[in-house]
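[1] kindly return the folded structure for what I paste below:
(chains A, B, C and D)
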There are 4 protein chains.
Amino acid sequence: MNDSSKHRVRYGMVGGGEGAFIGQVHRMAAALDGELELVCGSFSRDGDNNRRTGERCSLPAKRVYADWQEMLEAEAALPADERMEMVAVVTPNHLHVEISQTALDTGFHVFCEKPVARDLAEALPLAERVAASGLRFGLAHTYLGYPLVWQAREMVRRGRLGAIRKIHVEYPQGWLGTRLESTGNRQAAWRTDPALSGASGAMGDIGTHAFGLAEFVSGHHVSELCASLSIHAEGRRLDDDGDILFRTAEGASGTLIVSQVATGEDNGLKLRIYGEHGALDWLQKDPNHLRFTPLSGPQQLFRAGIDQPGLETVALDRLRIPGGHPEGYIEAMANLYRDMARAIRSDESAAADGPGAVPGVPSLADGLRGMAFIETVLKSHSGTTKWTRFITPDASQGAQR
Amino acid sequence: MNDSSKHRVRYGMVGGGEGAFIGQVHRMAAALDGELELVCGSFSRDGDNNRRTGERCSLPAKRVYADWQEMLEAEAALPADERMEMVAVVTPNHLHVEISQTALDTGFHVFCEKPVARDLAEALPLAERVAASGLRFGLAHTYLGYPLVWQAREMVRRGRLGAIRKIHVEYPQGWLGTRLESTGNRQAAWRTDPALSGASGAMGDIGTHAFGLAEFVSGHHVSELCASLSIHAEGRRLDDDGDILFRTAEGASGTLIVSQVATGEDNGLKLRIYGEHGALDWLQKDPNHLRFTPLSGPQQLFRAGIDQPGLETVALDRLRIPGGHPEGYIEAMANLYRDMARAIRSDESAAADGPGAVPGVPSLADGLRGMAFIETVLKSHSGTTKWTRFITPDASQGAQR
Amino acid sequence: MNDSSKHRVRYGMVGGGEGAFIGQVHRMAAALDGELELVCGSFSRDGDNNRRTGERCSLPAKRVYADWQEMLEAEAALPADERMEMVAVVTPNHLHVEISQTALDTGFHVFCEKPVARDLAEALPLAERVAASGLRFGLAHTYLGYPLVWQAREMVRRGRLGAIRKIHVEYPQGWLGTRLESTGNRQAAWRTDPALSGASGAMGDIGTHAFGLAEFVSGHHVSELCASLSIHAEGRRLDDDGDILFRTAEGASGTLIVSQVATGEDNGLKLRIYGEHGALDWLQKDPNHLRFTPLSGPQQLFRAGIDQPGLETVALDRLRIPGGHPEGYIEAMANLYRDMARAIRSDESAAADGPGAVPGVPSLADGLRGMAFIETVLKSHSGTTKWTRFITPDASQGAQR
Amino acid sequence: MNDSSKHRVRYGMVGGGEGAFIGQVHRMAAALDGELELVCGSFSRDGDNNRRTGERCSLPAKRVYADWQEMLEAEAALPADERMEMVAVVTPNHLHVEISQTALDTGFHVFCEKPVARDLAEALPLAERVAASGLRFGLAHTYLGYPLVWQAREMVRRGRLGAIRKIHVEYPQGWLGTRLESTGNRQAAWRTDPALSGASGAMGDIGTHAFGLAEFVSGHHVSELCASLSIHAEGRRLDDDGDILFRTAEGASGTLIVSQVATGEDNGLKLRIYGEHGALDWLQKDPNHLRFTPLSGPQQLFRAGIDQPGLETVALDRLRIPGGHPEGYIEAMANLYRDMARAIRSDESAAADGPGAVPGVPSLADGLRGMAFIETVLKSHSGTTKWTRFITPDASQGAQR
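    Numbers count the residues shown, from 1 in each chain, chains lettered A, B, ... in the order given. Purely as a prediction, here's the structure:
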């Protein structure tokens, strides 16, 4: 059981108590493939909530900690084959950096919810700490765990689309169509609070997903953009909607549309890429289908499934079952957890993929680029110039994985 | 047969010889409901083409004219119950104004292909001529003839969506993905030639459709926009692609995406409108379905058909057959021809709906607004300011119908 | 104008007065391509209705006849270049044979609504009359006019599917879900009346469409079947629903499902064919898309349009406009009218395609097979044996076109 | 941790070694919600495979048993708070009954793959053993774990459809389109082997799923049927395809279509139910959408998600995340595991829901009905009578849950 290639990676969780949406999703995703084991947690500042969540997770009471500082300290003091190896950070945004840094400093790998920070300035110091730690750092850009997203990216890489001309990405949601934050909804409350979320609302929450997906699949890098944000619910303090024009350094142009007031939309993340020789179209709500339309010839429908024709290895590696048995959102996140676990087991000190990078998992570099995106968007929104240059956090960092 | 309420309106056609796509569509649309009759034409400067097209239309040789000037003169000289009553102008764009003006001056109603002109300056004088003539003038914005487009508009009018927040319209095509104009394709040739098409390519050709549809259904008026156009095929002289951010005077914002290089797209005109209380979604390629999503409750699918539940009178009036028997593009244009015929028959001198306006048919005012849109787009594209005010051709003219 | 290759074929119509659904559809379909001209009619036994319909069709009063017998006689007496050449029979079923026979005997080509008769015995004598007449006879199986139905058939013919194993066809409607015939609905009244419709309701009305489509595309011939019919609305006299198992002489098996009480369905005719090497799937409500799934490789979507890749000549010949501009039900029927017109013009005495047969148009042989289908279904339904042999009207007649 | 309401239910697995599809699916489903823990297994007769699978599952070597008999014995000898509580039986069909009986006799709850046995005779004795044991017995009819399947069932129960008239269920697959069993594919080999699978192939494997789903949602019971099976791949010994007509005791009729040679289909389980007042339509490949069409009014689309409007409690109870984040097949099975765990924890001796029954989980009674279905189908197929009465295993047992 202690064979390093087989053991379940032990992880602890900060955040994710009752009433938080994403914590339980992380726990399910981590459990799915049997490659990780939740061994401790500090789920909530609310002691009752914290205790109940611990019980629900079948944790022994002693490893349910009152706060994350205590958890890091206490776990670090445990024997090596017992203490957690990785921390999953699923708190509101304002704590991501602080917890991640301390965890790394204390010797734990980190898997952190996105966005990595409230803004770029807050995030940048983390890069040094990751590099210095020699440990792994991954970001939960869940949509980048979908098998057909990898299929799409690989088809672009292989030149199936030719030079890319247009990229259109959109992420409409409708859940903040009314002023939900004033009704006691906890998630709505912190997501619309600048102190907890950062300087952007919808753009920070889901715009970064759309941006990351577009760059990941296309391999392009946004070089300038023009953003228009808005706030629709009266009294709300952060943007709940925004539209963006952009151009990429590699010569494409397109749009990025984000909304949390798009009445009736649940989670319509959609990506379309048009190249000289073909086009791709993927919709997160129907994640097991990918449409490819060549310049000539009928449209082709790629279907997810370990037995399906036409799939690339990177897609097959992220699938569990044959075609027609739908895999979904939890499975996509599980792919990220699985890759975290494998990297941690394989060679804990390796940094061949860049400081802290985990093959298959969005990296801190991606997170910084997401922060730079928000910063650029806010700058563009408040200005009167059409095009705003993309703020590059560090020329050496790209969207590599 | 001479009962003015029953007779078939006699019309002649300018343009639409062999090899032109839209002329034959007009003839089919005009024929469909049996309310008009093609009695003459000047289909092509090429005598052989002109003659062959006339024969194909079963016209007597004497009413197939060598040029449109001759046609207008000769028809004007015929007895009142024999001569044409209306001219359908389906030439390339650069001739729209001249032919329309002369036709009106000679005493004929006009149904003209869009865009009404190459630019706003060219189009403006037409407004006076229409007013002076006391005759009807309609524009072939075919998509505004679809029954469910009227359904959508009426639902907006009745407040089913509440205040509109977002409008997203897109019109991707892929047919100019390669440099088709250099292969002998006639339509590609004139559409990419500034002298024949005007100062804009894709925006003039299909951007105006997208713009008109968005304003028609929403009832909003674009007040400022930010445009980015591009040319992808090497050597092409007009934009073949463009993305736009816009805001409306009534308080909404959104995007307008247009492309003729979106590989694999055929004619994907799509409109989405999000309001405080509900949202609408319509796709031209699937014109018999309209999705309405209320703020609460399941999404609703409205289906076209004279027997279908939930349809408004304005939609039912534009349908011919029961649900499940698809009506399409030709039927949409036929609705415009039918309304032209009815207006012409009903009272030839009436102008109650505004100068030249025909109930149910896009008007010159709409056409001028389309021209102003192009002008504003080009101004925005060439400038460095984020927002460009919409150029209003005439404050008294809106998108009324 | 008298050039036989160019003139519009003159036709008269029997039936199709106000309140009848299908008559106006025929008139629109005949008008669409400008290859036929309605010159006379006997639309209704109700004099007022007849007159009003004639006026609506812009017919001179003298060519609107009180009954069809008068029409045939009077037209026969007109000069050859004035009198009608073809009769369109769009009455309830019980008059199809009598009118068709008399029309043929009087020297007119016939285009007849389906089913050709109320039963096989009534239909069989018509075969001799068609043969004796040397004239053309076509049947309005409208769905066989769809371009992608021909595409599907051609793909089967070319072996793209390999040997066919399964054929599933279904035609759910819901309009007779309540007892509409007792509410004054005229169409419901005659369609549920055995004296006017024949011995079968839903099977006769739409089952024959499903059957004909399945045999047409597959090229297979049903050799035995097992039918279960039912009546759901209390007091109704004819089947409003039925399910069938069948086997074909060529070795396939499958199901045919028909209903007019399938709540919420409008007109869901759908065909699926599975072969050893590939499968096809077509839905009438979405007629411009055809799915082809090869044994290996992604699913392919064929899209209708004169400019679309992968289409066979037989499909392109039945399309009018580029992809993404939907053609529909009227256009499908127009294809049949066009082919009737071309056959009539090309050589009026020819019978090279079989007695009366018109290339591209469902023939009397198809109609007889449809009658035999109904007969076989009723025999099976009333029996207790699993399999009932298909009743062949005449071994020499197949589903050729 | 020993709080009976909180502890993870300990289970062992028989079958599911490397190369078996379904074993790993069970393990993922059991792990997902953190309510069960795999503590032992006997995964394969092949010692290497068995060992490797155990390691992959992070099991200690001593609890990876060479055969299931040894596992049952050894586990029974462990202390109560350590030994497994439930056995998951995921072997080929021929072992289901023997293992289940022995497990029950030894004191373990059982969760068994479907079908429960090879035939009815083999399955019947199990009923007594379940009753005698006082233990829980559940069947892995995974599709009955989908949230929207429960939503559909509840809508039927509440009378939203009125009296049901038609039920159409289909389950097309294409994976046995070629003779896969002769290529070394293990699953294909045992599924087409009568000794291991039972007397039916496709009907036993997936026909029982379709049958169970139709009865579960409709609440109807098939009373007679007419079946036609076939074998398409040369040399295959069990049916790979079949079509069925059926009638229910409650007055509906319909069809059941099953195929494993439907080229290009992956796993197209689909259910349609038409009632007097409304209709439902659900497709397993798109499990998060349920269409409801009322007799009047537009079609409604119910969407899965804990925040989605219109959902019944039974659906919400089986959902984990908000709308637009797709849940899939593994989540559906996880719902069954979760309900097994809760029943086992809640009161191990209770039998209030019928002998062995587990609220929310398909029961042995359902399994017996599935066996009776296969038996009836085979009887019908080999006979010449149209209708074969449904063979009722025991009048006291229905499809209750």
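
[2] what sits opposite the closest residue to A:H220 other than its chain neighbours in the beta ladder?
    Nearest residue to A:H220, sequence neighbours excluded (Cβ to Cβ, 6 or more residues apart in numbering or on different chains): A:T248, at 3.8 Å. C-betas here are computed from N, CA, C, even on glycine. Under the criterion DSSP bridges, A:T248 forms beta bridges with A:V222.

[3] low-confidence regions, chain A specifically.
    For chain A, the stretches flagged by pLDDT under 70 are A:1-6, A:347-353, A:393-401.

[4] run the last query once more with 80
    Along chain A, segments meeting pLDDT under 80 span A:1-6, A:20, A:347-354, A:393-401.

[5] residues near A:S346, how many?
    For A:S346, the neighbour count with other Cβ atoms under 10 Å in any protein chain shown is 12.

[6] distance of it from chain C?
    Using Cβ to the nearest Cβ, to the nearest Å, we find A:S346 at a distance of 34 Å from chain C.

[7] for A:D205, what are its contacts?
    Each residue near A:D205 by Cβ atoms under 8 Å, 6 or more residues apart in numbering or on different chains is listed here: A:P115, A:R191, A:S197, A:Q260.

[8] how about these in JSON lines, adding distance to C:A210?
    As requested, these are arranged in JSON lines below (distance: Cβ to Cβ, whole Å):
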{"residue": "A:P115", "distance to C:A210": "55"}
{"residue": "A:R191", "distance to C:A210": "53"}
{"residue": "A:S197", "distance to C:A210": "57"}
{"residue": "A:Q260", "distance to C:A210": "47"}
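
[9] mark which of these are part of helices, please.
    Within the contacts of A:D205, residues falling in helices by DSSP state H are A:R191, A:S197.

[10] mind listing the helices for chain A?
    Under DSSP H, chain A gives helices at A:21-32, A:47-56, A:68-76, A:96-106, A:120-133, A:147-157, A:186-191, A:194-197, A:202, A:208-218, A:313-316, A:329-346, A:364-382.

[11] who wins for proximity to C:C57 among these?
    Evaluated with Cβ to Cβ, these place helix A:147-157 nearest to C:C57, the distance being 54.8 Å.

[12] so that closest one versus helix A:329-346, what angle?
    70 degrees (axes from the mean of the first three to the mean of the last three Cα atoms, to 10 degrees).

[13] do you know how far the nearest residue to A:A103 once chain neighbours are set aside is from A:G367?
    Nearest residue to A:A103, sequence neighbours excluded (Cβ to Cβ, 6+ apart): A:V87, at 4.4 Å. Distance, A:V87 to A:G367, by Cβ to Cβ, to the nearest Å: 16 Å.

[14] repeat for A:F216
    Note on A:F216: its distance to A:G367, by Cβ to Cβ, is 13 Å.

[15] what's near enough to touch the spatially most central residue of chain A?
    Central residue of chain A (Cα atoms, centre = their mean): A:H141, 1.3 Å from the mean position. Residues in contact with A:H141 (Cβ under 8 Å, 6+ apart) are A:K114, A:T208, A:H209, A:G212, A:L213, A:L336, A:P362, A:D366.

[16] for it, which non-adjacent residue is spatially closest?
    Once flanking residues are discounted, A:H141 sits nearest to A:P362: 4.1 Å by Cβ to Cβ, 6+ apart.

[17] for the one you found, grab phi and psi.
    Backbone torsions of A:P362, given as degrees, to the nearest 10, read phi -50, psi 140.

[18] burial count for it?
    So A:P362, with other Cβ under 10 Å, has 28 neighbours.

[19] am I right that it is in contact with A:G212?
    Yes: applying Cβ atoms under 8 Å, one finds A:P362 in contact with A:G212, separated by 6.9 Å.

[20] so what sits against both of the two?
    Taking Cβ under 8 Å, 6+ apart as the criterion, A:P362 and A:G212 both touch A:K114, A:H141, A:L144.

[21] distance check, the second one against chain D.
    With the distance defined as Cβ to the nearest Cβ, A:H141 ends up 14 Å from chain D.

[22] with the first one instead?
    Distance of A:K114 to chain D, computed by Cβ to the nearest Cβ: 15 Å.

[23] against chain B, how distant is that residue?
    Counting by Cβ to the nearest Cβ, the gap from A:K114 to chain B is 25 Å.

[24] got it, and the last one?
    To chain B, A:L144 is 24 Å away according to Cβ to the nearest Cβ.

[25] mind listing what's buried in stretch A:156-175?
    In terms of neighbour count (16 or more other Cβ atoms under 10 Å in any protein chain shown), stretch A:156-175 has its buried residues at A:156, A:160-161, A:164-175.

[26] what does the stretch 251-400 of chain A have sitting close to chain C?
    Residues of the stretch 251-400 of chain A lying near chain C by Cβ under 8 Å from any Cβ of the partner chain: A:F292, A:S296, A:G297, A:P298, A:Q299, A:Q300, A:L301, A:F302, A:R303, A:P309, A:G310.

[27] the fifth one: neighbour count?
    Around A:Q299 sit 23 other residues, with neighbours defined as other Cβ under 10 Å.

[28] same check, this time on the fourth one
    Here the count is done by other Cβ under 10 Å, and A:P298 has 22 residues near it.

[29] quick one, what contacts the nearest residue to it once chain neighbours are set aside?
    Excluding its sequence neighbours, the residue lying closest to A:P298 (Cβ to Cβ, 6+ apart) is C:Q300, at 4.1 Å. Listed by Cβ under 8 Å, 6+ apart, the contact partners of C:Q300 are A:G297, A:P298, A:Q299, A:Q300, A:L301, C:R291, C:F292, C:T293, C:P294, C:G310.

[30] quick one: buried ones out of those residues?
    A:P298, A:Q299, A:Q300, A:L301, C:R291, C:F292, C:T293, C:P294, C:G310.

[31] list just the nearest of those residues to chain D.
    C:T293 (2.7 Å; Cβ to the nearest Cβ).

[32] how about the closest one, nearest residue that isn't a chain neighbour?
    Per Cβ to Cβ, 6+ apart, closest to C:T293 is D:G264, 2.7 Å.

[33] roughly how far does that neighbour sit from B:G268?
    Distance from D:G264 to B:G268, counting by Cβ to Cβ: 26 Å.

[34] give me the more crowded residue out of those two.
    Counted by other Cβ under 10 Å, D:G264 and B:G268 do not tie: D:G264 has more neighbours, with 29 against 18.

[35] pretty sure that one sits against D:G174.
    Yes: counting by Cβ under 8 Å, D:G264 does reach D:G174; the two are 5.4 Å apart.

[36] need the residues touching each of the two.
    Residues within reach of D:G264 and of D:G174 at once, by Cβ under 8 Å, 6+ apart, are C:Y274, C:A279, C:L295.

[37] the first one - how many residues pack around it?
    Other residues lying near C:Y274 total 30 when counted by other Cβ under 10 Å.

[38] with the second one instead?
    Taking other Cβ under 10 Å as the criterion, the count of residues near C:A279 is 27.

[39] what residues are up against it?
    By Cβ under 8 Å, 6+ apart, the residues touching C:A279 are C:L161, C:R272, C:I273, C:F292, C:T293, D:G174, D:A262, D:T263, D:G264, D:E265.

[40] go with 10 Å
    Residues near C:A279 by Cβ atoms under 10 Å, 6 or more residues apart in numbering or on different chains: C:160-161, C:164-166, C:272-273, C:291-295, C:299, D:172, D:174, D:177, D:262-265.

[41] specify the beta-bridge partners of the residue nearest to A:D239 when sequence neighbours are not counted.
    Distances taken as Cβ to Cβ, 6+ apart put A:L229 closest to A:D239, at 3.9 Å, once the chain neighbours are dropped. Using DSSP bridges, the beta-bridge partners of A:L229 come out as A:G242.
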